[in-house]
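J.: The sequence isn't on hand, but the structure is:
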């Protein structure tokens, strides 16, 4: 499995926040913006409101693992930012992955089962 290309610069995150579409749930907020890149780039954030560094790192690990299970289905050319929310703290990777999949389908990053792209 290849490494995931990540968003690193603050300006890249703010561009996705400002111009991208978003979908939220009690577990996760997902922002997505179509880009001209040939790969799908991902950024993950966890606020200090979630807890100490151990808790924030666990939230990021869970989100990263959930995304890696869905990465083959994602279309190329997207910048995606996942924001952990308070309920992410108590969730397992499988439940975060199901929420993430619904959100990515709604944003059009992953195609529906019927083959149509949702917008």
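T.: Cool, got the structure. What you are looking at is a predicted structure, and each value in this text was computed from that prediction instead of being measured.
J.: a helix runs through residue 87, doesn't it?
T.: Yes - inclusion of residue 87 in a helix is indicated when DSSP: H, G, I helix; E, B strand; the rest coil is applied.
J.: so who does it touch?
T.: Contact partners of residue 87, counting by C-beta atoms under 8 Å, 6 or more residues apart in numbering, are 26, 27. For the C-beta atoms, the positions are set from N, CA and C on the backbone; glycine is no exception.
J.: what's the distance between it and residue 44?
T.: To residue 44, residue 87 is 16 Å away according to C-beta to C-beta, to the nearest Å.
J.: Same question for residue 30.
T.: 11 Å.
J.: who touches both of those two?
T.: With C-beta under 8 Å, 6+ apart, residue 30 and residue 44 have common neighbours 81, 82.
J.: which of those two has more neighbours?
T.: Neighbour count, other C-beta atoms under 10 Å: between residue 30 and residue 44, residue 30 has more, with 24 against 19.
J.: The residue lying closest to residue 15 once chain neighbours are set aside: neighbouring residues, count only.
T.: With sequence-adjacent residues excluded and distances taken as C-beta to C-beta, 6 or more residues apart in numbering, residue 15 is closest to residue 33, at 6.9 Å. Residue 33 has 20 neighbouring residues, counting by other C-beta under 10 Å.
J.: Need the three-state assignment for residue 33.
T.: Going by three-state DSSP: residue 33 is strand.
J.: Verify the stated contact: residue 104 with residue 30.
T.: Yes - counting by C-beta atoms under 8 Å, residue 30 is a contact partner of residue 104 at 6.8 Å.
J.: what sits against the residue nearest to residue 15?
T.: Listed by C-beta under 8 Å, 6+ apart, the contact set of residue 33 reads 15, 16, 19, 20, 21, 78, 79, 80.
J.: can you rerun that using 10 Å?
T.: 12, 15-22, 41, 77-81, 107 (C-beta atoms under 10 Å, 6 or more residues apart in numbering).
J.: Let me know the closest of the residues you listed to residue 6.
T.: residue 41 (6.4 Å; C-beta to C-beta).
J.: What is the helix ranked longest in the chain packed up against?
T.: Ranked by residue count under DSSP state H, the longest helix found in the chain is helix 53-70. Contact analysis of helix 53-70 by 3 or more C-beta pairs under 10 Å, 6 or more residues apart in numbering; DSSP states H and E lists strand 28-34, strand 41-45, strand 78-84, helix 93-107 as its packing neighbours.
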